[in-house]
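In: build the 3D model from these lines:
(one chain, ligands or ions: 1)
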Amino acid sequence: MYRSFGAPTERLRLETLALPPVNPLQIRVAMTVAPVNPSDLIPITGAYSHRIQLPAVAGYEGMGRVIHAPQTQAQLIGRRVLPLRGTGTWQSYVDCDPDLVVLVPDTISDLVAARAYINPLAALTMLDAFPVAGKQVLLSGAGSACAELLGRWALEQGAAKVQGIYRSESRVKRLVACGIEPISIDDLQTARAAARESDLAFDALGGPVGSSVIDAMRDGTVFVGYGLLSGQSIRPSRTPRAGYRRFHLRDTLATMTPGTWQRQFLRLWQALLHTELPPVQLFAIDDWQSAVEQALRPGTAKPMLRFDRAES
Ligand SMILES: NC(=O)c1ccc[n+]([C@@H]2O[C@H](COP(=O)([O-])OP(=O)(O)OC[C@H]3O[C@@H](n4cnc5c(N)ncnc54)[C@H](OP(=O)(O)O)[C@@H]3O)[C@@H](O)[C@H]2O)c1
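Out: Presented below is the predicted three-dimensional model:
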């Protein structure tokens, strides 16, 4: 939980609160696992302070088991679900809206289900909005889970070539195995040459890298900014020839009906069945600080919080 904005390691606290009485119209989920994503940490810094009410429980995704459901959905008790778009997921119990709770198929493991939302849905939605067939695609922040999915699925959808600008050498082997041509962030000359050839760029960094990519792109191309991992905005040196588009999943969710939401997950489960996600490292919730520190360290596996504390 965080009660003020700032560095996640300083502002987050593990707190023990009384469990509120069950709301008979909601589903209560005992959490199993939840990842630590940049999408969870950035809001704690105050980047979106205008729309976050404090105190807040951190975490936007994760998986657990239903321990209470309204009478009409009693069959859900004991089932694995994603309790999304309600209160923060980094807590032992999450109450959520029955229309938005997502049932996890038996074919999907806990560790895949727990990260089936933020990055996979963002990648799927971006590829729907910006078709890649026959195009040359450039990714920045290519060592990230989201960029990897964009790259893999772009190739499946017929992209002519996918190149990825990465920071840590430890990412190279995986990028190559995914069919993504790696370009070091320290080799800006090659990155600029790739940008000049690309039809479409998906940028997770902003800052100097994102700016030099958009600067180098040709007329009629598209640059999609979906993250600011550098902490700095895009500052092109002149009016960009590429069209700039900003993508934020929450804009799509604002108008998405519960029916479409559920249908998108049916697509995601299909896609995730044949997509091997990057490795994770598990941390007990009591050790949340190590998990957050790991998320901030370059070249490491994505941390995943385990919530078996309450049951042990
Ligand atoms: N707009 C949306 O709706 C939306 C939705 C989902 C995700 N996102 C964004 O997608 C991005 C990736 O998220 P994720 O969960 O996929 O990340 P992730 O798997 O946790 O990986 C983070 C990646 O970012 C790299 N990185 C972090 N800071 C960096 C910096 N200053 N310069 C260069 N590289 C840096 C890391 O480099 P190393 O390889 O060196 O560790 C790592 O490869 C985030 O910006 C997130 O906010 C946006």
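
In: Gln294: what's it in contact with?
Out: By C-beta atoms under 8 Å, 6 or more residues apart in numbering, Gln294 lies in contact with 36, 281, 283, 300-301, 303. C-beta: built from backbone N, CA, C; applies to glycine.

In: most widely separated two among those?
Out: Phe283 and Thr300 (11.7 Å; C-beta to C-beta).

In: circling back to that earlier point, most neighbours out of the contacts of Gln294, which is it?
Out: Val36 (25 neighbours; other C-beta atoms under 10 Å).

In: that one and Glu293 touch, don't they?
Out: No: using C-beta atoms under 8 Å, Val36 is not in contact with Glu293; the gap is 9.8 Å.

In: how about the nearest residue to Ser144, chain neighbours excluded?
Out: Ala204 (5.8 Å; C-beta to C-beta, 6 or more residues apart in numbering).

In: so how far is the ligand from Thr125?
Out: In this structure, Thr125 lies at 8 Å from the ligand, with C-beta to the nearest ligand atom, to the nearest Å as the measure.

In: that older thread, considering the contacts of Gln294, which is situated nearest to the ligand?
Out: Thr300 (6.4 Å; C-beta to the nearest ligand atom).

In: now do the contacts for Ile285.
Out: Ile285 neighbours (C-beta under 8 Å, 6+ apart): 14, 90, 92, 305-307, 309.

In: all helices of this structure, in order?
Out: Here the chain has its helices, by DSSP state H, at 8-11, 38-44, 110-113, 118-129, 145-156, 172-177, 188-197, 207-216, 249-254, 258-273, 288-296.

In: could I get the phi/psi values of the closest residue to Gln157 other than its chain neighbours?
Out: If the residues on either side of it in the chain are set aside, Gln157 comes closest to Val132, at 5.4 Å by C-beta to C-beta, 6+ apart. Per-residue torsions, Val132: phi -110, psi -10 (degrees, to the nearest 10).

In: pLDDT wise, what is the residue in the stretch 1-150 of the chain that the ligand sits nearest to at?
Out: The stretch 1-150 of the chain approaches the ligand most closely through Gly143 (2.8 Å), counting by C-beta to the nearest ligand atom. On the pLDDT scale, Gly143 is placed at 98.

In: check the one 4 residues further on too.
Out: According to the prediction, Ala147 has pLDDT 98.

In: wait, isn't it in contact with Gly141?
Out: Yes: using C-beta under 8 Å, Ala147 is in contact with Gly141, at 5.2 Å.

In: mind checking pLDDT for the residue of the chain positioned farthest from its centre?
Out: The C-alpha centroid of the chain is most remote from Gln71, which lies 32.9 Å away (C-alpha atoms, centre = their mean). pLDDT recorded at Gln71 is 94.

In: contacting residues for it?
Out: Pro24.

In: what does the stretch 1-150 of the chain put close to the ligand?
Out: Along the stretch 1-150 of the chain, the residues adjacent to the ligand under the rule C-beta under 6 Å from any ligand atom are 37-39, 42, 118-119, 122, 141, 143-146.

In: go again with 8 Å.
Out: Within the stretch 1-150 of the chain, the residues that sit near the ligand (C-beta under 8 Å from any ligand atom) are 35-39, 42, 118-119, 121-123, 125, 140-149.

In: from the ligand, how far off is Arg218?
Out: The gap separating Arg218 from the ligand is 24 Å, by C-beta to the nearest ligand atom.

In: low-confidence ranges in this structure?
Out: 309-312 (pLDDT under 70).
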